[in-house]
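Asker: This is a predicted model, with the sequence first.
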Amino acid sequence: MWKEDEKGIMLEYLKKNGEAIELFKKRYDEKFGEINLKMQKIEVAFNKIMENSVDMLRVSTTNMSVMLDRLEKMHNDRKFVDLETGVGVSSSKDFPCTMRRTKQSTKAMKVPFPQDLLDLKEVAKTMMMLEKEGGLTIAIMFPPAFGLIALVAVAYSMLNVWMAMQVGMARKRYNVPYPTMYADENKNKDGKLFNCIQRGHQNSLEVMPMFFVLLTFGGLQHPIVATVLGVIYCMARFLYFTGYATGDPKRRLTYGKFNFLALVGLLGCSASFGVRQLFSGPLL
């Protein structure tokens, strides 16, 4: 049986250490709460930086590296509670969190700097190094559905190849040799029919650069909508050509006129992309 005074000493010792543990946990949670909050802010800032221009990215990368250095230093220099005395003690370099249990022995618990922030810091330093060496490369992030835009561009290119083949076969069929662009309708009885076929393809070539530009920029902001409009344009262009190839120019617009509506829609998508870029960050 313990004596009453020995029980009192033991209870007092346990009570004192229990308070120290609670104080340690409270301060530890507070510090890590601050670190996690800063980490979230840095990640949000980094994502925002990647969406802005290259010039802004270069400036912000330097600032971000400084912020991460300060955050790591704060992590390594933070204070914890000595479980025996209840007094705050500075962390060591190798063991950021030291808990003293007795006078004769110490037990250290290593709490590493968050790996996500270390990775982010390494990215910032690498980008700064590449910039100094004149080899900074910026990865452009496309929306996942942008692959559909590429497929629409391929489809329209194949359609133009098919139309070119139709013009080539018409040259042989109606005796219109190269390099004559259009047949003389007064000398060739099938001249008008050939000219309609040639003109159907030529008109598609004339509008193709504008279509590709609007499709690309519109697809960066609205990939699904731009894909649908691109498919409509391709189908309308096919009907425009086949209607023209009948020899009656008016039939080119029966269904082919919808290609102009698709272009207007792509124009709106591209304008939306431009406005969004203007208001996404500083212009310089």
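Answerer: On my side now, so go ahead.
Asker: how close does Arg171 sit to Phe238?
Answerer: 21 Å (CB to CB, to the nearest Å). (Glycine included, C-beta is placed from N, CA and C.)
Asker: brain fart, Val161
Answerer: Distance, Val161 to Phe238, by CB to CB: 13 Å.
Asker: So for those two, which residue has more residues nearby?
Answerer: Comparing Val161 with Phe238 by other CB atoms under 10 Å, the one with more neighbours is Phe238, at 18 against 9.
Asker: May I ask you to confirm that that one is in contact with Leu159?
Answerer: Yes. Under the criterion of CB atoms under 8 Å, Phe238 makes contact with Leu159 at 6.2 Å.
Asker: show me the contacts for the residue nearest to Gly256 when sequence neighbours are not counted.
Answerer: Of all residues not flanking Gly256 in the chain, Tyr240 sits nearest, at 2.7 Å (CB to CB, 6 or more residues apart in numbering). Taking CB atoms under 8 Å, 6 or more residues apart in numbering as the criterion, Tyr240 is in contact with Gly200, Asn203, Ser204, Arg252, Leu253, Tyr255, Gly256, Lys257, Asn259.
Asker: Is there a neighbour count for the second one? I'd like the number.
Answerer: Using other CB under 10 Å as the criterion, Asn203 is surrounded by 18 other residues.
Asker: Same check on the third one?
Answerer: By the other CB under 10 Å criterion, the neighbourhood of Ser204 contains 21 residues.
Asker: Low-confidence regions, the stretch 51-200 of the chain specifically.
Answerer: Applying pLDDT under 70 to the stretch 51-200 of the chain picks out residues 51-140.
Asker: Secondary structure element holding Leu261?
Answerer: Leu261 is located in helix 258-278, with elements delineated by DSSP states H and E.
Asker: average model confidence for that helix?
Answerer: On average, the pLDDT along helix 258-278 is 93.
Asker: Which elements pack onto it?
Answerer: Contact partners of helix 258-278 among helices and strands, from 3 or more CB pairs under 8 Å, 6 or more residues apart in numbering; DSSP states H and E: helix 191-221, helix 223-244.
Asker: between those helices, which gets nearest to Val275?
Answerer: The closest of the helices and strands packed on helix 258-278 to Val275 is helix 191-221. By CB to CB, the value is 9.1 Å.
Asker: Helix 258-278 and that closest one, what's the angle between them?
Answerer: Interaxial angle of helix 191-221 relative to helix 258-278 (axes from the mean of the first three to the mean of the last three CA atoms, to 10 degrees): 30 degrees.
Asker: so is Gly256 in a helix, a strand, or just coil?
Answerer: Classification of Gly256 using DSSP: H, G, I helix; E, B strand; the rest coil returns coil.
Asker: right, so of the helices and strands packed on helix 258-278, which gets closest to Ala183?
Answerer: helix 191-221 (3.6 Å).
Asker: That closest one versus helix 223-244: what angle between them?
Answerer: Using the same axes, to 10 degrees: helix 191-221 against helix 223-244 is 180 degrees.
Asker: and helix 191-221, what other elements does it pack with?
Answerer: helix 146-173, helix 223-244, helix 258-278.
Asker: if you compare the ones you listed, which one is most tucked away?
Answerer: helix 223-244 (a mean of 21; mean count of other CB atoms under 10 Å).
Asker: quick one: that one to helix 146-173, angle?
Answerer: With the same axes, to 10 degrees applied, the angle from helix 223-244 to helix 146-173 works out at 10 degrees.
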